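*Asks:* okay, predicted coordinates and the sequence, questions at the end:
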Amino acid sequence: MKYTVLLALTCSFLLLPLQARAVDRQTIDFVIEAHAERIGMDANLAKKIAWCESGYQEKVVSRTGDRGIYQLNGVHDRELKKLDLDPFNFQENIEFAFILMERNGVRDWYSSRHCWSKTAYKPKKVARKLL
């Protein structure tokens, strides 16, 4: 059922004129949830990673050249080209990110774990002794 709705949503999105294609957060959430369910991953974690990486901005490029919602980098260019995927297309960016997640878990986004990880290092508060 979810995939039928996803396909209908995809088709209707592609029929919009180019300038009307601003993607809202709800649509991105829906696509991420569908892919997460497919590979058995926690959808909330996948959404947190996307938010930490790009703030859900599909056309964003980092200063290091990482691109799109999941900030795919040049290391993956050969595979993206082989699969004919565009890192600036939100659906293709998410699709490739989940290919990576299925293969490597969240290892490819480890550098941003301070933002999305529940186990991120949090310094303990040190109590001061009163003199």
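*Replies:* That came through fine.
*Asks:* so how far is stretch 59-76 off the chain centroid?
*Replies:* Computed by Cα atoms, centre = their mean, to the nearest Å, the chain-centroid distance of stretch 59-76 equals 11 Å.
*Asks:* which of the residues in it are buried?
*Replies:* For stretch 59-76, burial by neighbour count (16 or more other Cβ atoms under 10 Å) applies to 66, 67, 68, 69, 70, 71, 72, 76. Bear in mind the C-beta positions are built from the backbone N, C-alpha and C, glycine included.
*Asks:* same question for stretch 34-43.
*Replies:* Neighbour-count burial for stretch 34-43, counted by 16+ other Cβ under 10 Å, picks out 34, 35, 36, 41.
*Asks:* surely the second one touches residue 98?
*Replies:* Spelled out, that is residue 35. Yes - shown here, residue 35 and residue 98 form a contact pair, counting by Cβ atoms under 8 Å, at 4.2 Å.
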